[in-house]
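Asker: kindly return the folded structure for what I paste below:
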Amino acid sequence: MTGQVPDSTDQKSNVSASGRVMLANAGFAPVPAFSFNSPLMMGFLSLKKKRFSFEPDLALGLNGKPWLVNNWFRLAFIDRKKLKATVGLNPSLYFGEVVMLSGESIIRAHRNLTFEFAGEQTLTSPWALRWTYLLVHAFDTGALSGQFFDVSNIITALRLPKILIAKVKPEVFYFNFDGNIDGFYGSGSVTADLQCIPLSVYFQGVQPFWAGFPGTHYKWNAGLVYGF
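Answerer: Below is the predicted model of the structure:
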């Protein structure tokens, strides 16, 4: 998900800050094979100083149920004009509904720690190739440990000066988690950034090519993104 996000910089500390809020009919997890299938709000914050960044985000259902809390710490160890690479660490929480023996339903937090290696290679305008590798370790019963790898391409499909910029992101990804939870998927997203106001319209569809677990099918979400 992208959006037009203005940056504000503290001149004394040289820390740049930006953020965005998204309202959507559903939400995809960092591994897009998994989703929150109800309307939700997601908030993103980015604090950057030189090569270091802290990028937390929160996803909360409009029904009041929490879903995800991520806390990404990233270091850009390659930061060139056409090649960028980062490593990251994310202590996160995933919230799931659990039915007790008494029949009572409760919300339980599951702890995860994720290592990330990601990069971006600008090929030729407007083409940019991105890749991400995630190694996930779960601490609690009910959470999943495993690996994820994706390759995507960001394409500027339409540019109307001072009016609109539209970007398309095709993506393929593979994941392999505990309990034979694995699969190979394709995804495509379209983002239209309005240039007069910090507002974007967003759509994403996810299609499994094959999966080693039941209940997989085409899913999509759409939403509005406000940048600040």
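
Asker: in the longest strand seen in the chain, which residues are buried?
Answerer: Using DSSP state E to define each element, the chain has its longest strand at strand 105-124. Applying a neighbour-count criterion of 16 or more other CB atoms under 10 Å, the buried positions in strand 105-124 are 110, 112, 114, 116, 118, 120. Any C-beta I mention is one placed from the backbone N, CA and C, and that applies to glycine too.

Asker: Provide a list of residues in contact with the fifth one.
Answerer: If I follow you right, that is A118. Listed by CB atoms under 8 Å, 6 or more residues apart in numbering, the contact partners of A118 are 85-88, 130-133.

Asker: cool, and F44?
Answerer: Contact analysis of F44 by CB under 8 Å, 6+ apart lists 19-22, 55-57.

Asker: now it. Nearest residue, chain neighbours left out?
Answerer: For F44, the nearest residue in space outside its immediate sequence neighbours is D57; the separation is 4.5 Å by CB to CB, 6 or more residues apart in numbering.

Asker: and for that neighbour, the neighbour number?
Answerer: Using other CB atoms under 10 Å as the criterion, D57 is surrounded by 20 other residues.

Asker: can you read off the pLDDT for it?
Answerer: Reading off the per-residue confidence, D57 sits at a pLDDT of 97.

Asker: does the residue nearest to the spatial centre of the chain belong to a helix or a strand, and which?
Answerer: The C-alpha lying nearest the average C-alpha coordinate of the chain belongs to P30 (CA atoms, centre = their mean; 4.7 Å). P30 is part of no helix or strand, with elements assigned from DSSP states H and E.

Asker: and it, how far from A76?
Answerer: Taking CB to CB, to the nearest Å as the measure, P30 and A76 are separated by 19 Å.
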